[in-house]
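A.B. asks: Below: sequence and its predicted model.
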Amino acid sequence: ALKEVGTKLDILNDEFVHIHKYNPIEYIKKRIKTPESIVKKLKRDNYEVTIENMVKYIKDIAGIRIVCSFTSDIYRLAEMIGKQNDLTVVSIKDYIKHPKASGYKSFHMQVSLPIFLSDRVVDTMVEIQIRTIAMDFWASLEHKIYYKFEGNNTSGSHKLNSAIAQAYYAKKQGLKGVTTETGAGQWGTALSMACSYFDLDCQVYMVKVSYEQKPFRREVMRTYGAQVTPSPSMNTEIGRKINAEFPGTTGSLGCAISEAVEAATTQEGYRYVLGSVLSQVLIHQTVIGLETKAALDKYGVKADMIIGCAGGGSNLGGLISPFAGEMLRGEADYEIIAVEPASCPSLTRGRYAYDYCDTGKICPLAKMYTLGSGFIPSANHAGGLRYHGMSSIVSQLYDDGYVKARSVEQTEVFKAAETFARVEGILPAPESSHAIKVAIDEALKCKETGEEKNIVFGLTGTGYFDMYAYQKYNDGEMSDYIPTDEE
């Protein structure tokens, strides 16, 4: 049936060009409704899912979309199609003169035409939709994507939400300074900035691979007065032990945590502070979710899906907090997706168990999804997500089924980052780009199925200090690594 109608349209278009020296059709799209969409439509209209009901009630299984330049072309084509003797116009819906409440505009024709098979003739329904380019663009937006941007402060990320609070309490306690770890450098930058406000010494142990890949992030920390050390280092006992056990290691957040804890416990007047994983950090970061919810409520938007990158859980936990609260109280339902790197998949491939938060096994045990405290992730470019475990709160929500998880490979992540940068004008951090990747995937699914969804994701920060990673991607030198089960 689609071939028959397509041939007719080609002939009509050729005739029009011959007579009027003008081509009214920009392009034509054909589609067959998916079985999932057919079943969904039958259920929505309270029909039993049977072949008979499909034939009787679903009139748009076969569809053709004609896209024109001008509205006048739409009515001219519709008239030409209606004059074809070997098809019957069953119904017409003019959503151009009478748009839907949503603003949708299109001219719909239901036509029936005979299909000659070897043993019989079958009358088959085809839906023809005729639109202008502008109408088609509007109609293609089955989804709407919103993002919460946390990169408009000097530190470039959401981490300042917790850094300011922790530096304030450290100063109030009368401490000389604090020690910490950092992966990509966003947390270290935020804490060094916060400590400069309160005249506190700040000692940062930066994962070695990020220390080498992101020298400018390191220099921002030093500009704010922080002492930055690549981890594992030879400055601490645990650092020397890790270097001896894993010669040439590029480090991990677990290693850096161990060194920072040791540094705090061996210096009077110092305390260790953490930028993710722990519950108080997630409490500080709930401001992300509260602001997101307030903005959505202000504009009358109900989120269907909330997506966040997941390393230790600070951004994700903060973003989803008010929404997860509604789910736990039975007030609303959302689809929440945690996105992690395939090279460090603590949720999708980890085990829910008590484990050490650090590689040196100095910290207390925490119940979380973990790849094992001794796991050293590959040197991927999303340094802030290279952690073996996950927040206990996020882990519990995931284990109870309130949160789903996906792992993605970094080349696809940077492809999504490039798309986002070209559309929105913001260069996203590699960590944030994991959420962008899945948001785009979900939007494309909506486009395929016609399902309408409001998609919300967290844009945790900017990637202007991650140009080495973007260079590797642009030069085609970026690779993907997925650890084996043994690893």
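C.D. replies: Right, received. Where do you want to start?

A.B. asks: what ranges of the stretch 51-200 of the chain fall below the confidence cut-off?
C.D. replies: For the stretch 51-200 of the chain, residues meeting the criterion pLDDT under 70 lie at 102, 139-142.

A.B. asks: now the helices for it?
C.D. replies: Along the stretch 51-200 of the chain, counting by DSSP state H, counting those that start in this stretch, helices occupy 51-57, 71-82, 133-139, 160-172, 186-197.

A.B. asks: Just want the angle from the longest one to helix 186-197.
C.D. replies: Angle of helix 160-172 versus helix 186-197, following axes from the mean of the first three to the mean of the last three Cα atoms, to 10 degrees, is 40 degrees.

A.B. asks: Go through helix 160-172 and flag the buried ones.
C.D. replies: For helix 160-172, the neighbour count (16 or more other Cβ atoms under 10 Å) marks 160-167, 170-171 as buried. Quick note: C-beta positions are derived from backbone N, CA and C, even for glycine.

A.B. asks: could you point out where the stretch 251-400 of the chain is predicted with low confidence?
C.D. replies: Using pLDDT under 70, the stretch 251-400 of the chain drops low at 380-384.

A.B. asks: Swap in 80 and give it another go.
C.D. replies: By pLDDT under 80, the low-scoring segments of the stretch 251-400 of the chain are 378-384, 386.

A.B. asks: which SS state does residue 390 fall under?
C.D. replies: Under DSSP: H, G, I helix; E, B strand; the rest coil, residue 390 falls in the coil class.

A.B. asks: Residue 480 falls within a helix, correct?
C.D. replies: No: secondary structure of residue 480 (three-state DSSP): coil, not part of a helix.

A.B. asks: OK, contacts around the residue nearest to it when sequence neighbours are not counted?
C.D. replies: The shortest distance from residue 480 to any non-neighbouring residue, by Cβ to Cβ, 6 or more residues apart in numbering, is to residue 409 (4.0 Å). The neighbours of residue 409, taking Cβ atoms under 8 Å, 6 or more residues apart in numbering as the test, are 341-343, 480, 482.

A.B. asks: count of neighbours near residue 130?
C.D. replies: 26 (other Cβ atoms under 10 Å).

A.B. asks: Would you mind confirming that it is in contact with residue 78?
C.D. replies: Yes: using Cβ atoms under 8 Å, residue 130 is in contact with residue 78, at 6.0 Å.

A.B. asks: thinking again about what came up before, quick one: which of the contacts of residue 409 is nearest residue 463?
C.D. replies: Relative to residue 463, the closest of the contacts of residue 409 is residue 341; by Cβ to Cβ it sits at 15.0 Å.

A.B. asks: Tell me the residues that contact both of residue 130 and residue 78, please.
C.D. replies: Here residue 130 and residue 78 have 107, 109 as joint contacts, going by Cβ under 8 Å, 6+ apart.

A.B. asks: if we can go back for a sec, ok, the buried residues of helix 160-172 vs residue 454, which is closest?
C.D. replies: Distance to residue 454, by Cβ to Cβ, is smallest for residue 161 among the buried residues of helix 160-172, at 24.3 Å.
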